[in-house]
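> Have a look; sequence and predicted model below, questions after that.
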Amino acid sequence: MNQLLSGSNQEENIVAVYPSSDRSMRVYTRKTNGITSQEVEFYPFFFLSSSKFLKDFPKKHWIKELNGNNYYRYLCAFSSWLEMWDAIRYVMMRYNENASTKADSYSELPIIHVRTDPVAQFLKQSGRTLFKGMKFDDLHRMQINIKTHTKHGFNLSNPHRAEDRIGIIALSDNRGWEFVINGKGLSEKEMLIELIQIIKQKDYDVIEGHNIYNFTLPYLLTRCEMFEIDFAIGRDDSVPHPFDKRLSYTERSLDYSSFEISGRHIIDTFQILQTYDASKRSLENYSLNHAAQHFGFAKKDRAYIQPDRINRYLDDEPETLIQCCLDDNHEICQLSEFLSPNIFYMTQMLPFNFGTVARLGASAKIESLLLREYIRQKHSIPKPDISSQTLGGYTDIFYTGILGPIVDADVESLYPSIMLSEKISPYTETLGIFQPLLDELTKMRINAKRKMETVPDPHEKRKHDAIQSAFKTLINSFYGYLGYNRALFNDSKAADQIVRNGHKILKQIITTITDLGGEVIEVDTDRVFFTPPQNINNEPEEKKFLKKIKKHLQPAITLLINGRYQKMLSYKKKNYALLGYDSKVKIKGASLISRNMERFGREFIQGCIEGLLQDDIGKVHEQYAKYNKLIFNRQLMLSDFARTEYLRESSDEYNKAVETGTRNRAASYEVAIKSNIPWKPGDKVSYYFTGDDPNIKGFENCKLADEWDSNFPDENIQYYLKRLDEFAKKFEEFFSENDFHAIFSVDDLFVFSPKGIKILTTRIKSEIKEVIEEKYESIHVEPKILLDDESE
DNA sequence: GGACTCCGTATACC
DNA sequence: ACGGGTATACGGAGTCC
């Protein structure tokens, strides 16, 4: 493999790298007869804009002047981690002598660039990576899952509470071994000692759990402290070290505590599941059992035990609970086998530990590849450019209503293809490695994909699929990196150029489809929904049609069928529903399926959409009548009308923002405050609305879901009836005024009849060109681009 | 007091 | 320690008549 991608050091079978002192790293290698380790010197370093800031620094250090004219022109190295931090403080002091605004921490120092992960530093400077020459299955992985006693009257088990305790520790591994440490015959202290012995003796590379960071590990550590045992499960007999709580940004943000175990890796399936779903968005929640069912590896005959019944099972039916735990372990193992290989194969390329690759964002990964090569070639590096990207993907809608048949086509790797064909790279990237990196990754991916398709062995197939998807993850990060305001090699003009090309290609596709007799319904970035010309009515014909379109596009651009459907309900941009040939309905978009919509609203909308797609207007009316009645008669369950929202801000941030008037009060936060529920960002809260006026102020009339009492229901019926009408309003544009009122009403005088009711289809736009020109004008692009567009 | 606008937040799409 | 822009919905607060 190309050294740009894999680093310059080809050492194989490294399973872990951890600091063994403040001046050395321990490199753990798997040999046929077990793990060996080796101590390697390590020189911590940072980049500096001018050597004057380190002038007269008293401790031993090296300053290397780098090639080229980029901003960070000096590489400063030290013989220990502590001395590097001394140097950082020294630089800060020197900087503050003349600075108008003083820096309080290294992160505020514009003149220094430092990554404070010692393992990443070591891997970058040595060119090593983990796992070279290994397959995912070579890793020795253990799954752990504990069940705990909770003091009577409490919902959550708390390791700090003496009356709570660990009841069961279930263990398993990827070699088929299973073991249960049962609290029935053992004291909790004995259980913990046995656990430590097993981990040491079996010497696992990876420890996996669902929510292991926020529950399992902190729980075990706290109990060990209570019994004054060292939880010494590191390969060097050290205890897990917690490190600063960090925010992980997906579309949801959450706070989590992290731990490191020397010589081993921690994989939290809860966390990698969320990362996975950030792009796929197919999961309703992130519980282990839901994920296992969703992906289809839950055992058919297994039992599930609700958290509030664990105490009872621990006391009365431990065998049932134990089987349940082992089934959970099996699901953790499967979930990891589904999601981790992608991370594993990226770790073969990137200068990070396994767990770090799982945690880091796309941008940090690309940047690490660039920096590793800049360090190797002793070349200066730029600082981030402050200008920002001005353009984004092209979205448009041409019809609303019910349409079909539908072809859902997307451009294969739109942005990466443009970057390669236009040879786009950051203007500060003077070594010229951005293009070769992207080019090589693309070639490697095509190779892996070909192998995936041609090897007969399903095991090998899965391996090559994981490899190609690791490449894909990296390839897709290049564009985002260019527009990221804190990336060292960012280039907003380059990002805009890519997007502009994307607009142009999409426009060509739309025009071609229309010219060839198809009708485009909706477009988003690299995806087109259209109805093909009438004579085309099966998949091979549709594929042929795509090939015909391709002839009108530049050679690098390929259109693929992403899906085909009987019908589409087109509502708004990014909001639609599809009826498959298997009669399944898929609903997309925040205004149709948002998670924070009350459940009755989601189900009502879903029922209406099904009715519309099945041409069954009677069903649509039934939905309205049904929910109207359920609400009015207080027959909805709490979970049907309660709203569940994430609290993204801390209580301090929220209160401060409200006080200073920069944000409004919101029911979710007010409920938590009123009910004295402490929260951290990322926690969820469920609540409902009270009162009898439909036009309430939400934050003054809300109650915690837990406070609702079925004997004294106090949900605001008038408000929820109004909500139902608001949901119904989404369908207004599909009917004439009279029809709409007939369908969405409960008039007992007449029996509803769908006869004569028509679903309306509306053409939104007839001209494609003017929309795009308008967009270009609004960003003041020179007329040349408009002329280019006209000529095509 | 309703209709309207403005704004920040939340969620989702690619 | 944190990829990007685009889009819709909603609730609260202010303004106008």
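Happy to help now that I have it. Everything numeric here is computed off the predicted structure, so don't read it as measured data. Numbering: from 1, shown residues only, chains lettered A, B, ... in the order given.

> Distance from the helix or strand containing residue A:629 to the middle of the chain?
Residue A:629 belongs to helix A:617-632 when assigned by DSSP states H and E. Distance, stretch centre to chain centre, for helix A:617-632: 37 Å (C-alpha atoms, centre = their mean, to the nearest Å).

> now swap in stretch A:341-350 and tell me
Using C-alpha atoms, centre = their mean, the offset of stretch A:341-350 from its chain centre is 17 Å.

> who touches it?
Stretch A:341-350 has contacts (C-beta atoms under 8 Å, 6 or more residues apart in numbering) with A:1, A:5-7, A:129-132, A:134, A:136, A:139, A:272, A:353-354, A:357-358, A:365, A:368-369, A:462-463, A:466-467, A:469-470, A:473-474. Using the backbone N, CA and C atoms, a C-beta is placed for each residue, glycine as well.

> hmm, 6 Å instead?
Stretch A:341-350 has contacts (C-beta atoms under 6 Å, 6 or more residues apart in numbering) with A:5-6, A:129-132, A:136, A:354, A:357-358, A:365, A:368, A:466-467, A:469-470.

> Is it in proximity to DNA strand C?
No - taking C-beta under 7 Å from any atom of the strand as the criterion, stretch A:341-350 and DNA strand C are apart, separated by no less than 11.2 Å.

> for that stretch, what is the average pLDDT?
In this model, stretch A:341-350 has an average pLDDT of 94.

> Send me that stretch as CSV with only the CA atoms.
This file holds the C-alpha atoms of stretch A:341-350, laid out as CSV (Å, rounded to 0.1, in the frame of the first residue of the first chain):
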residue,chain,number,x,y,z
PRO,A,341,-14.4,-3.6,10.8
ASN,A,342,-14.7,-0.3,9.0
ILE,A,343,-12.9,1.4,11.9
PHE,A,344,-10.4,-1.4,12.1
TYR,A,345,-9.3,-1.0,8.5
MET,A,346,-9.1,2.8,8.8
THR,A,347,-6.8,2.3,11.8
GLN,A,348,-4.4,0.4,9.5
MET,A,349,-4.0,3.7,7.7
LEU,A,350,-4.3,6.4,10.3
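
> Run a quick neighbour tally on the nearest residue to residue A:354 once chain neighbours are set aside.
Spatially, and ignoring its direct neighbours in sequence, residue A:354 is nearest to residue A:265 (4.2 Å; C-beta to C-beta, 6 or more residues apart in numbering). Close neighbours of residue A:265, defined as other C-beta atoms under 10 Å, add up to 26.

> Against residue A:179, how distant is residue A:265?
To residue A:179, residue A:265 is 21 Å away according to C-beta to C-beta, to the nearest Å.

> if we can go back for a sec, residues contacting the helix holding residue A:629, please?
Applying C-beta under 6 Å, 6+ apart, the external contacts of helix A:617-632 come out as A:600, A:604, A:607-608, A:611, A:636, A:720-721, A:724, A:743-744, A:746, A:752, A:754, A:757.

> Does anything pack onto the helix or strand harbouring residue A:543? Which helices or strands?
Assigned by DSSP H and E, residue A:543 belongs to helix A:539-550. Counting contacts by 3 or more C-beta pairs under 6 Å, 6 or more residues apart in numbering; DSSP states H and E, helix A:539-550 packs against strand A:559-572.

> does the strand it packs on come close to DNA strand C?
Yes - among the residues of strand A:559-572, residue A:572 lie within reach of DNA strand C under C-beta under 7 Å from any atom of the strand.

> Tell me the strands beside that strand, with direction?
strand A:399-403 (antiparallel), strand A:406-411 (antiparallel), strand A:575-580 (antiparallel) (DSSP bridges).

> Compile the ones you listed into a markdown table and extend it with columns for mean pLDDT and mean neighbour count.
Listed next are those as a markdown table, based on pLDDT from 0 to 100; neighbours: other C-beta atoms under 10 Å:
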| stretch | mean pLDDT | mean neighbour count |
| --- | --- | --- |
| strand A:399-403 | 93 | 20 |
| strand A:406-411 | 95 | 21 |
| strand A:575-580 | 95 | 22 |
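
> Can you redo the ones you listed as a markdown table, where the extra columns are distance to DNA strand C?
Shown next, in a markdown table, are the strands paired with strand A:559-572 (distance: least, C-beta to the nearest atom of the strand, whole Å):
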| stretch | distance to DNA strand C |
| --- | --- |
| strand A:399-403 | 10 |
| strand A:406-411 | 14 |
| strand A:575-580 | 6 |
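
> where does chain A come near DNA strand B, residue by residue?
The interface of chain A toward DNA strand B, taken as C-beta under 7 Å from any atom of the strand, is made up of A:251-252, A:281, A:393, A:410, A:524-527, A:574, A:588-590, A:593-596, A:645-649, A:657, A:662-664, A:666, A:668, A:695.

> Show me those that map onto strands.
Using DSSP state E, A:410, A:524, A:527, A:588, A:645-647 are the members of these that sit in strands.

> how far out from the middle of the chain is the helix ranked longest in chain A?
In chain A, assigned by DSSP state H, the helix with the most residues is helix A:318-347. Centroid separation between helix A:318-347 and its chain, computed with C-alpha atoms, centre = their mean, is 19 Å.

> Give me the distance between the residue lying closest to residue A:763 once chain neighbours are set aside and residue A:574.
Spatially, and ignoring its direct neighbours in sequence, residue A:763 is nearest to residue A:399 (5.8 Å; C-beta to C-beta, 6+ apart). Separation of residue A:399 from residue A:574 (C-beta to C-beta): 15 Å.

> of the contacts of helix A:617-632, buried ones?
Neighbour counting by 16 or more other C-beta atoms under 10 Å classes A:600, A:604, A:607-608, A:611, A:636, A:720, A:724, A:743-744, A:752, A:754, A:757 among the contacts of helix A:617-632 as buried.

> Quick check: pLDDT value at residue A:656.
pLDDT, residue A:656: 85.

> er, residue A:89 I mean
Note on residue A:89: pLDDT of 95.

> who's in contact with stretch A:572-585?
Contacts for stretch A:572-585 (C-beta under 6 Å, 6+ apart): A:395, A:397, A:565-570, A:586-589, A:591-592, A:609-610, A:613.

> Please convert the buried members of the residues you listed into PyMOL selection syntax.
Selection command for PyMOL covering only the buried members of the contacts of stretch A:572-585, criterion 16+ other C-beta under 10 Å:
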select buried, chain A and resi 397+565+567+568+569+570+587+592+609+610+613
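
> Thanks a lot, see you next time.
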